[in-house]
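**Q** This is a predicted model, with the sequence first.
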Amino acid sequence: MNKLKVCITIDTEFSIAGAFNNSGEYLPVDRQAVYCNVNGRSEGLGFVLKTFKETGVKATFFVEALNRAYFGDRPMEGVVNDILAAGQDVQLHIHPVWSQVFSFPDWRNRLDAIKPNDSVLTRSQGQLEALFGEGAGILERWCGYRPLALRMGNLHVNRNVYKAMYGVELFVSSNIGRGIYDPVDSALSLSHGCSAIDGVYEYPVTSYVGLHLPGIKELKSLTITGSSFSELKYIIEQAYENGIGCAVILSHTFEFIKGHDIQFNNGKRNMLTQRRLRKLCEYISDNSDRFETVSITQLDKKEQGGECGILSAPNLASVRRIVANKLGDL
């Protein structure tokens with residue numbers, strides 16, 4: 001049986017950080033939202049890159065590009081340089097609200113009229129092509145190569161996204177995560193594997209049924225912050241046994257700290273999520289006869305995995321996750 005290709009994806013983005021609600025007191029936050037420095041040590045990006053290096057994991061960092069409208073090139077270009085220097089893959093992440101709001105120098109005075117909107121669902125194919133083309137051009141300048149893959153902010157997606165991606169030659173997508181946002185179009189309600197959509201290869205964030213009891217059926221996407229290590233382990237094992245071909249896992253750099261304020265001050269490291277990522281990477285490395293980590297663009301480009309239905313975690317693993325997350329919050 002072929003190995004399961006595991007793609008760990010890290011959304012890497014700056015933060016609006018309350019600026020839309022109180023622009024007099026708060027401004028967007030750049031590098032601290034990514035590096036998450038605590039007591040002089042990076043518990044966000046630094047921790048993630050160190051973990052991947054020590055466990056031999058290859059991953060994809062979806063880097064948000066439209067923040068350039070506010071910050072210019074240098075802050076995120078420096079982040080990209082650190083990721084590439086660590087031998088990891090960089091692809092495109094888009095939050096349209098950056099371009100929508102901060103393209104106006106007097107954005108503070110225009111907030112009520114602009115009505116910030118970060119969703120792609122209300123935008124036309126032409127508008128999306130313009131946004132994707134702009135983002136791809138920015139990221140190419142930072143990386144030295146043109147991205148092939150795109151992930152939308154909030155995992156909002158519809159057919160216009162794929163048509164616009166194809167129009168600007170972004171042929172690889174990881175835009176569906178049913179446990180986070182289940183698309184209205186039932187044809188896009190995909191849980192795993194690979195599907196060809198309007199000329200684009202879609203690799204959904206792997207979704208599964210978590211806690212399932214009479215009257216309860218929990219739809220989850222495979223994430224570091226929202227899935228226990230037991231669930232992560234069980235789902236990739238189940239994906240391997242079912243010959244799905246690949247599993248996609250989602251995380252963000254800021255998930256590895258907690259307790260910070262809206263401006264990312266006074267945080268501390270999140271030992272729970274850090275431990276989960278470390279254990280997952282070690283488990284994959286220790287079981288290299290069944291699993292290998294790859295970037296999103298290294299996944300097999302063929303339709304696969306739909307016939308086995310949605311995966312399901314044992315109730316005990318889900319209960320452990322619920323308890324662990326509650327204790328972690330405390």
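**A** Thanks, I have it.
**Q** Report the helix or strand with the lowest average pLDDT across the chain.
**A** The least trusted helix or strand in the chain, going by mean pLDDT, DSSP states H and E, turns out to be helix 315-329, with a mean of 76.
**Q** which other residues reach it?
**A** 210-213, 218, 226-228, 230-231, 234, 258, 270-273 (Cβ atoms under 8 Å, 6 or more residues apart in numbering). Any C-beta I mention is one placed from the backbone N, CA and C, and that applies to glycine too.
**Q** ok, and the most crowded of these?
**A** Neighbour counts for the contacts of helix 315-329, by other Cβ atoms under 10 Å, peak at residue 227, which reaches 28 neighbours.
**Q** for it, helix, strand, or coil?
**A** Judged by DSSP: H, G, I helix; E, B strand; the rest coil, the three-state class of residue 227 is coil.
**Q** who's in contact with it?
**A** 210, 220, 235, 276, 321.
**Q** Am I right that residue 110 falls within a strand?
**A** No: judged by three-state DSSP, residue 110 forms no part of a strand; its state is helix.
**Q** Can you name the residues that contact it?
**A** Contacts of residue 110 by Cβ under 8 Å, 6+ apart are 101, 104.
**Q** Then residue 309?
**A** With Cβ under 8 Å, 6+ apart, residue 309 has no contacts at all.
**Q** ok, it to residue 211 distance?
**A** Using Cβ to Cβ, to the nearest Å, residue 309 is found at 18 Å from residue 211.
**Q** related to what we said a few turns ago, mind checking which of the contacts of helix 315-329 land in strands?
**A** Counting by DSSP state E, the contacts of helix 315-329 place 210-213, 218, 258 in strands.
**Q** Let me know the closest of those to residue 47.
**A** Distance to residue 47 across the ones in strands among the contacts of helix 315-329 (Cβ to Cβ) is lowest for residue 258, with 13.0 Å.
**Q** OK, contacts around the closest one?
**A** 267-270, 328.
**Q** And for residue 136?
**A** Residue 136 neighbours (Cβ under 8 Å, 6+ apart): 65, 92, 146-147, 168, 170.
**Q** Inside helices: which ones of those residues?
**A** Under the assignment DSSP state H, the contacts of residue 136 contribute nothing to helices.
**Q** who wins for most neighbours among those residues?
**A** residue 65 (30 neighbours).
**Q** isn't that residue right next to residue 91, touching?
**A** No: contact criterion Cβ atoms under 8 Å: residue 65 and residue 91 do not qualify, at 10.3 Å.
**Q** overlap in contacts of those two?
**A** By Cβ under 8 Å, 6+ apart, the residues touching both residue 65 and residue 91 are residue 139.
**Q** Now flag whichever of the ones in strands among the contacts of helix 315-329 is closest to residue 37.
**A** Among the ones in strands among the contacts of helix 315-329, and counting by Cβ to Cβ, the member closest to residue 37 is residue 258, at 14.1 Å.
**Q** For that closest one, name its beta-bridge partners.
**A** On the basis of DSSP bridges, residue 258 is bridged to residue 268.
**Q** Let me have the ones in strands among the contacts of helix 315-329 in CSV, extended by distance to residue 71.
**A** Shown next, in CSV, are the ones in strands among the contacts of helix 315-329 (distance: Cβ to Cβ, whole Å):
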residue, distance to residue 71
210, 37
211, 40
212, 44
213, 46
218, 38
258, 25
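**Q** Name the member of the residues you listed with the shortest distance to residue 52.
**A** Once Cβ to Cβ is applied, the member of those that ends up nearest residue 52 is residue 258, at 21.0 Å.
**Q** quick one: the closest one from residue 252, how far?
**A** Counting by Cβ to Cβ - residue 258 and residue 252 are separated by 12 Å.
**Q** can you confirm residue 77 is in a strand?
**A** No: Residue 77 is assigned helix when assessed by three-state DSSP, not a strand.
**Q** I figured it hits residue 142, correct?
**A** Yes: between residue 77 and residue 142 there is a contact under Cβ under 8 Å: 4.5 Å.
**Q** Common neighbours of those two, please.
**A** With Cβ under 8 Å, 6+ apart as the test, residue 77 and residue 142 reach no residue in common.
**Q** got the contact list for residue 63?
**A** 12-13, 76, 79-80, 83, 90-93, 139, 142.
**Q** Now the element after the helix or strand harbouring it, going C-ward?
**A** Using DSSP states H and E, residue 63 sits within strand 59-64. Downstream of strand 59-64, the first helix or strand assigned by DSSP H and E is helix 68-71.
**Q** Give me the contacts around that next one.
**A** With Cβ under 8 Å, 6+ apart as the criterion, helix 68-71 contacts 14, 28, 30, 76, 98-99, 101-103, 138.
**Q** Show me the helices in the chain, by range?
**A** Under DSSP H, the chain gives helices at 32-35, 45-55, 68-71, 74-85, 97-102, 107-114, 125-143, 159-167, 229-241, 271-286, 315-329.
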